[in-house]
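Novice: here is my input; please provide its structure:
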Amino acid sequence: MTTTAPSDVRPDPPASPDDRSLTEFGYRQELHRSLGRYASFAAGFSFISVLTTVFQFFAFGYAFGGPVFFWTWPAVFAGQLAVAACFAELAARYPISGAIYQWSSRLSTPAFGWFAGWIMVIGQIVVVAAAALALQMVLPAIWSGFQLIGDDPAPTSADGAANAAVLGVVLLVLTTVVNVLDNRVMSVVNRVGVTAEIIGAVLIAVLLFTHSERSPGITFHTGQGGGTGLFGALMVGSFMAAYVMIGFDSAGEMSEETHHPRRTAPRTILTALGAAGLLGGLIVLGGLLAAPSLTDGRLGVDGLSYVLTSSLGDGVGRALLADVVVAVAVATLAIQTAASRMLFSMARDGRLPFSGRLAKVGPRTGMPGAPALVVGVLAAALLLLNFASPDAFLAIGTTCIVMLYLAYAMVTGPLLVRRLRGRFTAEGTDESGAPLFSLGRWGVPVNALALVYGLFMTVNLAWPRAAVYDPAGGHWYFRWFTLLFLAATVVAGAGYRVFTARAAREPASEAAGASYA
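Specialist: Reported below is the predicted structural model:
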């Protein structure tokens, strides 16, 4: 049964066709519409942030899979492209902030949609923390002075893990400030950063290919695989690609701030993932071809930073790494923005603690400031885990991917059910009068692929492999961290819903008793 998220807000008379795309769902326009097509693309691309995530997890993927881990990239891209195509259809029909929450609520039930939104927003907060940690992979490689704690910059060392937390907290302070200033400031920073990242990614890919040391045939060679065998090595090696290609739904997340969202968001969701898939694949392949050595152990520890500074020289390599720093900062900003919009959307429906405060939008800035602050503080708190153990780096990274993949499946699953029941329509037009984006007769097979792929990768990522999550032994909680964190998230959400339902019943019971008396 189709449902709509509840709202006590009565819409004001719409001022534009863009506003009518929101008021028909029962909301008034509060966020400022200032994003065009490129800014919408930037929202999705900067969340994916090829340079941030590839540089952050390349070493991990290579350490487990060897050169053959490259082939996990096109496999993950195909699966995520199916998910993105489904999301593009939904972005055209429901151009509302809090995309995953709103879509799932309208495709299934309000309760199921709430849990999808709850899991998604917690996952986004963890992604913010994971993205901020990426600075450790590049800043010390540019200048040793950025290693503020100890001497070992490797993120798998105690010094590197602690330093990553310090650098991450500093970055979160800056992104939080930008996220409460004005959405035009945020948009400018995002667009400039994404442009710099695209230029840098193209340059890196070209330079790596022009400094190749071997042929592409090397991608059929296996590594040690951590003793897990080829299949196990590829499953673990796929973590990098899975981590990179998430967040394309952010273009839909920013729909209430986008001009012509029904027409723009579907296209920018697909182009953001497509551009990231192409550029990221070229960089991964180029890194394997240009690495000075595949056997000296450094590629599995220092990753692409080692390739750039060794193959291209310190000057060029560090200049390109500086561009990666920009990408990391913009990615952290974009992810924090997306999480803030999810909190805002759920709070606007009265579905979260302190909803009144979280749903407040500054009339001058057009930004929900409180959600940005909450996301920044909680993400910074997660970074403190890095002081406990270097293994926290991987635990945080994989946990956020699992949370987002599960939330995605909580949209593609109900969508597939509605398709099979013949209750998902392709009717309607966008702001230009053109038909809404639709998969047509390909809807069911693409949707089925998206769901099966998403569930498979969720299990793969969450599987408590000791060789991955607790290689040194003695930290059982990191081995089970993802499952424990997910369980805690669901239990906390269920507890909150039970508490609020009970609190709502008590005044009703008292009123009924008073009326009877």
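Novice: quick one, helices of the stretch 51-200 of the chain?
Specialist: Assignment of helices within the stretch 51-200 of the chain using DSSP state H, counting those that start in this stretch yields the ranges 72-93, 99-107, 110-133, 139-142, 158-181, 183-210.
Novice: my read: Met186 touches Asn179, true?
Specialist: Yes. Counting by CB atoms under 8 Å, Asn179 is a contact partner of Met186 at 6.3 Å. Bear in mind the C-beta positions are built from the backbone N, C-alpha and C, glycine included.
Novice: common neighbours of these two, please.
Specialist: With contacts defined as CB atoms under 8 Å, 6 or more residues apart in numbering, the residues shared by Met186 and Asn179 are Leu333, Thr337, Met367.
Novice: quick one: which of the residues you listed is nearest Met410?
Specialist: When the shared contacts of Met186 and Asn179 are ranked by distance to Met410 (CB to CB), Thr337 comes first, at 21.9 Å.
Novice: buried residues in the helix or strand that closest one falls within?
Specialist: Using DSSP states H and E, Thr337 falls within helix 314-348. By neighbour count on 16 or more other CB atoms under 10 Å, the buried set for helix 314-348 is 317-318, 320-321, 323-348.
Novice: show residues contacting whatever helix or strand comes next after that helix.
Specialist: Of the helices and strands lying after helix 314-348 in sequence (DSSP H and E), the nearest is helix 355-358. Identification of contacts with helix 355-358 by CB under 8 Å, 6+ apart yields Leu343, Phe344, Met346, Ala347, Arg348, Asp349, Leu352, Pro368, Ala370, Pro371, Val374.
Novice: kindly recompute the last result at 10 Å.
Specialist: If you take CB atoms under 10 Å, 6 or more residues apart in numbering as the criterion, helix 355-358 is touched by 340, 343-352, 368-371, 373-374.
Novice: quick one: mean pLDDT over stretch 392-402.
Specialist: In this model, stretch 392-402 has a mean pLDDT of 83.
Novice: same question for stretch 417-426.
Specialist: So the average pLDDT for stretch 417-426 ends up being 89.
Novice: now do the contacts for the nearest residue to Gly428 once chain neighbours are set aside.
Specialist: Distances taken as CB to CB, 6 or more residues apart in numbering place Leu436 nearest to Gly428, at 4.6 Å, with adjacent residues excluded. Applying CB under 10 Å, 6+ apart, we find Leu436 in contact with 88-89, 91-93, 262-263, 266, 425-430.
Novice: of those - the most surrounded one?
Specialist: Highest neighbour count within the contacts of Leu436: Ala91, with 31 neighbours (other CB atoms under 10 Å).
Novice: correct me if wrong: it contacts Ser97.
Specialist: No. Taking CB atoms under 10 Å as the definition, Ala91 is not a contact partner of Ser97, at 11.5 Å.
Novice: so what sits against both of those two?
Specialist: Common neighbours of Ala91 and Ser97 (CB under 10 Å, 6+ apart) are Gly252, Glu253, Ser255.
Novice: any idea which of those is closest to Ala158?
Specialist: Among those, Glu253 lies closest to Ala158 (CB to CB), at 36.5 Å.
Novice: what's the neighbour count on the closest one?
Specialist: Quick note: Glu253 (other CB under 10 Å) scores 33 neighbours.
Novice: just to revisit the earlier point, could the helices of the stretch 51-200 of the chain go into CSV alongside distance to Val402?
Specialist: Shown next, in CSV, are those (distance: least, CB to CB, whole Å):
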stretch, distance to Val402
helix 72-93, 14
helix 99-107, 15
helix 110-133, 8
helix 139-142, 28
helix 158-181, 20
helix 183-210, 26
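Novice: please work out which of those is packed deepest.
Specialist: helix 99-107 (a mean of 28; mean count of other CB atoms under 10 Å).
Novice: for that helix, the averaged confidence score.
Specialist: Averaged across helix 99-107, the pLDDT comes to 96.
Novice: now swap in stretch 185-192 and tell me
Specialist: In this model, stretch 185-192 carries a mean pLDDT of 87.
Novice: and the contacts of that stretch?
Specialist: Against stretch 185-192 from outside (CB under 10 Å, 6+ apart): 32, 34-36, 38-43, 45-47, 175, 177-183, 254, 257, 326, 329-331, 333-334, 336-337, 365-367, 372.
Novice: in space, not sequence, find me the middle residue of the protein.
Specialist: Residue closest to the mean C-alpha point of the chain, counted by CA atoms, centre = their mean, is Gly247 at 3.6 Å.
Novice: thought it was touching Val83?
Specialist: No. Taking contacts as CB under 10 Å, Gly247 lies outside contact range of Val83: 11.5 Å.
Novice: which residues do these two both contact?
Specialist: Listed as contacting both Gly247 and Val83 by CB under 10 Å, 6+ apart are Leu273.
Novice: can you tell me how far Gly26 is from Glu427?
Specialist: 21 Å (CB to CB, to the nearest Å).
Novice: nearest to Thr398, of the helices of the stretch 51-200 of the chain?
Specialist: Of the helices of the stretch 51-200 of the chain, nearest to Thr398 by CB to CB is helix 110-133, at 8.9 Å.
Novice: so the closest one versus helix 314-348, what angle?
Specialist: Helix 110-133 runs at 160 degrees relative to helix 314-348, counting by axes from the mean of the first three to the mean of the last three CA atoms, to 10 degrees.
Novice: between helix 99-107 and helix 110-133, find me the angle.
Specialist: Here helix 110-133 runs at 170 degrees with respect to helix 99-107, directions being taken by the same axes, to 10 degrees.
Novice: got the angle for helix 110-133 vs helix 158-181?
Specialist: Interaxial angle of helix 110-133 relative to helix 158-181 (the same axes, to 10 degrees): 120 degrees.
Novice: need the per-residue pLDDT for Ala347.
Specialist: Note on Ala347: pLDDT of 95.
Novice: tabulate the shared contacts of Ala91 and Ser97 (JSON lines), appending distance to Ser108 and secondary structure.
Specialist: JSON lines is the format used below for these (distance: CB to CB, whole Å; DSSP: H, G, I helix; E, B strand; the rest coil):
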{"residue": "Gly252", "distance to Ser108": "17", "secondary structure": "helix"}
{"residue": "Glu253", "distance to Ser108": "19", "secondary structure": "helix"}
{"residue": "Ser255", "distance to Ser108": "20", "secondary structure": "helix"}
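Novice: Asp249: what's it in contact with?
Specialist: 43-44, 47, 83-84, 87-88, 90-91, 99-100, 103, 120, 265, 269, 272-273, 338, 404, 407-408, 411.
Novice: typed the wrong thing, it's Leu308
Specialist: 55, 138, 141, 204, 207-208, 211, 287, 290, 314, 316-321, 324.
Novice: state the helix or strand in which it lies.
Specialist: In this assignment (DSSP H and E), Leu308 forms part of helix 303-311.
Novice: before we move on, back to that, out of the shared contacts of Ala91 and Ser97, which one sits closest to Ile396?
Specialist: Closest approach between these and Ile396, by CB to CB: Glu253, at 21.6 Å.
Novice: show me the contacts for that closest one.
Specialist: Contacts for Glu253 (CB under 10 Å, 6+ apart) come out as 43-44, 47, 91, 96-102, 120, 124, 247, 265, 269, 334, 337-342, 345.
Novice: remind me which residues of the chain are low pLDDT?
Specialist: 1-21, 223-228, 426, 504-517 (pLDDT under 70).
Novice: apply 50 and report the result again.
Specialist: 1-14, 226-227, 508-517 (pLDDT under 50).
Novice: now the strands for the stretch 401-517 of the chain?
Specialist: Under the criterion DSSP state E, counting those that start in this stretch, the stretch 401-517 of the chain carries no strands.
Novice: only the buried residues of stretch 464-476, if you could.
Specialist: Buried residues in stretch 464-476 (16+ other CB under 10 Å): Arg465, Val468, Tyr469, Asp470, His475.
Novice: and these, which two are the farthest apart?
Specialist: Farthest apart among these by CB to CB are Arg465 and His475. That separation is 13.3 Å.
Novice: what's near enough to touch Val468?
Specialist: 60, 64, 226, 228, 232, 235-236, 239, 391, 394-395, 398, 461, 478-479.
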